[in-house]
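S.K.: Pasted the sequence and its predicted model underneath.
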Amino acid sequence: MSLSMGACPHAWRHHLHHRGRMWAASPAFRRQLVLLRSLAPTTCAYGGRASSSSLRPHAMSAAAGPVYEADAEAVVRRITPPLDRARHKGQAGKIAIIGGCREYTGAPYFAAISALKVGADLSHVFCTKDAATVIKSYSPELIVHPILEESYSVRDDERESVSSSILTEVIKWMERFDCIVVGPGLGRDSFLMDCVSNIMRHARQANIPTVVDGDGLFLITNNIGLVEDNSLAILTPNVYEYKRLVQRVLNCEVNEENASEQLTALCQKIGGVTIMRKGKADVISDGKKVTQVSTFGSPRRCGGQGDILSGSVAVFSSWALHFLLSNEQPKETSVNPMVLGCIASSLLLRKAAALAFEKNKRSTVTTDIIEFLGQSLEDICPAGR
Ligand SMILES: NC(=O)C1=CN([C@@H]2O[C@H](COP(=O)(O)OP(=O)(O)OC[C@H]3O[C@@H](n4cnc5c(N)ncnc54)[C@H](O)[C@@H]3O)[C@@H](O)[C@H]2O)[C@@H](O)CC1
Ligand SMILES: Nc1ncnc2c1ncn2[C@@H]1O[C@H](COP(=O)(O)OP(=O)(O)OP(=O)(O)O)[C@@H](O)[C@H]1O
Ligand SMILES: [Mg+2]
């Protein structure tokens, strides 16, 4: 199972074939593939048909390269697996969130529950002991592992043994996950950061796609080697996280006049990663193309919407990986499943936020948005199709 992700800039393709054997073995899955193939748009990489107005260059500024507005609805329809009675628990996705500490229990909960509401079968949270009971009490749906430790709870002479037993515990589970999300509500404690660095290195060795958000971005900004040349890594920075990444990696300030080139350069400099820069439009690049989703969501900017996004990205990218592995026409090799996952989750969040705002107006909070994830997906891609 292990293959070095650093060796090939398109390592997700090897990963696709490798992980795909398991899925392709099921007759039910093969039937779904036939259906998915018949639904697949025929021409363009990110869901729009090349001849259609849904894939149009969008001038961000005179100096910037083209930014394509994704046909995000087509992407969602394309990668969302149909519900099939023959499938068993786990086949629609097993996701883990690495996050949750004394200060933050909402963020890992939002990410983990969103993964389930989008359609994953199992959602785990690996958090500190302090956070675990709180997160469990929010929802019985989540599988919560109280294994992480912060500096205050570990004596100096215990650090090494505690760190290694944390890693051993996570490794026991890691191979089961289709994707992990590192960072929502993780905090920035130095001991915790070291332990999570080890977890990230292991996930990479095991070829587990990894979404990095929140404090995970703080971690990798200070240690870019953790994601360098990892084509299974997706970074989802907000305005401030993006600014810190640009400063650290490109050694300059964010330049809005040259936004798409700068995003492309950032992906290329880190090597192979996909970045979704969140904001008024969510702008996505893997260092080759730049795509955006600008469907209007909600004017409410309550905290936690990025957490919904990170949990959803994990599910949609896993679905996109599985979809592409069975779609082996040569043209498909230019499509990056990580990008598809970002496009789909951005649209779904925005649609859910719009519905939640319509109902709750100024009092809209993240929990209200999560309630509408199901309807948003149903509107695009009915469960009975
Ligand atoms: N309910 C919860 O438990 C939530 C926890 N969250 C977690 O909170 C942790 C920190 O995330 P944040 O996004 O708040 O992290 P940041 O530390 O990046 O930002 C904190 C806040 O400081 C301000 N700020 C930061 N840098 C700035 C700059 N250069 N100029 C001006 N203002 C600046 C911004 O208002 C920002 O929202 C993460 O672990 C995150 O996942 C958030 O996801 C929100 C919800
Ligand atoms: N200015 C904006 N206009 C419209 N939508 C936005 C805007 N900024 C963010 N969003 C929406 O909110 C989502 C989350 O982005 P945001 O910048 O709030 O993330 P975040 O700060 O990481 O959130 P969190 O509070 O969960 O950490 C984006 O994907 C986008 O859909
Ligand atoms: Mg965030």
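M.R.: In hand now; what should we look at? Ligands and ions are numbered 1, 2, ... in the order given.
S.K.: Now the residue of the stretch 1-150 of the chain found nearest ligand 1. Nearest residue, chain neighbours left out?
M.R.: At 2.5 Å from ligand 1, G106 is the closest residue in the stretch 1-150 of the chain, using CB to the nearest ligand atom. Just so you know, the C-beta spots here come from the backbone N, C-alpha and C atoms, and that holds for glycine as well. Closest residue in space to G106, ignoring its immediate chain neighbours: G304 at 6.1 Å, by CB to CB, 6 or more residues apart in numbering.
S.K.: Spit out the contact partners of that neighbour.
M.R.: With contact taken as CB atoms under 8 Å, 6 or more residues apart in numbering, G304 is in contact with 106-107, 110, 365-366.
S.K.: From A70, how far out is it?
M.R.: 24 Å (CB to CB, to the nearest Å).
S.K.: same check, this time on L340
M.R.: Remark: distance between L340 and A70 (CB to CB) = 9 Å.
S.K.: Equivalent analysis for I270, please.
M.R.: Separation of I270 from A70 (CB to CB) stands at 22 Å.
S.K.: before we move on, the earlier item: was I right about the residue of the stretch 1-150 of the chain closest to ligand 1 contacting S139?
M.R.: No - because the distance of 11.8 Å does not satisfy CB atoms under 8 Å, G106 is recorded as not touching S139.
S.K.: So which of the two has more stuff around it?
M.R.: G106 (19 against 14; other CB atoms under 10 Å).
S.K.: quick one: the helices in this protein?
M.R.: Here the chain has its helices, by DSSP state H, at 11-24, 27-39, 72-79, 106-118, 129-138, 159-174, 190-205, 215-221, 239-245, 259-270, 305-325, 337-360, 366-371, 373-380.
S.K.: and the third one, what does it pack onto?
M.R.: Here helix 72-79 is seen to pack against helix 27-39, helix 305-325, helix 337-360, helix 373-380 when contacts are counted using 3 or more CB pairs under 8 Å, 6 or more residues apart in numbering; DSSP states H and E.
S.K.: what would the ones you listed look like in TSV with mean pLDDT and distance to ligand 2?
M.R.: As requested, these are exported to TSV (pLDDT from 0 to 100; distance: least, CB to the nearest ligand atom, whole Å):
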stretch	mean pLDDT	distance to ligand 2
helix 27-39	37	25
helix 305-325	96	2
helix 337-360	98	5
helix 373-380	98	12
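S.K.: can you tell which of these is closest to ligand 3?
M.R.: Closest approach to ligand 3 among the helices and strands packed on helix 72-79 (CB to the ion): helix 305-325, 3.3 Å.
S.K.: wait, does the closest one make contact with ligand 1?
M.R.: Yes - on the criterion CB under 6 Å from any ligand atom, helix 305-325 is in touch with ligand 1 at 306-307.
S.K.: What is that helix packed up against?
M.R.: Packing contacts for helix 305-325, counted by 3+ CB pairs under 8 Å, 6+ apart, involve helix 11-24, helix 72-79, strand 94-98, helix 106-118, strand 179-182, strand 210-212, helix 337-360, helix 366-371.
S.K.: How far away from the center of its chain is it?
M.R.: Relative to the chain's own centre, helix 305-325 is displaced by 5 Å; criterion: CA atoms, centre = their mean, to the nearest Å.
S.K.: Just the CA atoms of that helix, as PDB, please.
M.R.: Provided in PDB are the C-alpha atoms of helix 305-325 (Å, rounded to 0.1, in the frame of the first residue of the first chain):
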ATOM      1  CA  GLN A 305     -18.600  27.800   7.900                       C
ATOM      2  CA  GLY A 306     -15.000  26.900   7.000                       C
ATOM      3  CA  ASP A 307     -15.300  23.800   9.200                       C
ATOM      4  CA  ILE A 308     -18.400  22.700   7.300                       C
ATOM      5  CA  LEU A 309     -16.400  23.100   4.200                       C
ATOM      6  CA  SER A 310     -13.400  21.100   5.400                       C
ATOM      7  CA  GLY A 311     -15.600  18.100   6.400                       C
ATOM      8  CA  SER A 312     -17.400  18.300   3.100                       C
ATOM      9  CA  VAL A 313     -14.200  18.600   1.100                       C
ATOM     10  CA  ALA A 314     -13.000  15.300   2.700                       C
ATOM     11  CA  VAL A 315     -16.200  13.500   1.500                       C
ATOM     12  CA  PHE A 316     -16.400  14.900  -2.000                       C
ATOM     13  CA  SER A 317     -12.700  14.400  -2.700                       C
ATOM     14  CA  SER A 318     -13.000  10.700  -1.700                       C
ATOM     15  CA  TRP A 319     -16.000  10.400  -3.900                       C
ATOM     16  CA  ALA A 320     -14.200  12.100  -6.800                       C
ATOM     17  CA  LEU A 321     -11.200   9.700  -6.300                       C
ATOM     18  CA  HIS A 322     -13.400   6.700  -6.500                       C
ATOM     19  CA  PHE A 323     -15.300   8.100  -9.400                       C
ATOM     20  CA  LEU A 324     -12.200   8.800 -11.400                       C
ATOM     21  CA  LEU A 325     -10.600   5.500 -10.800                       C
END
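S.K.: No further queries at this time; thank you.
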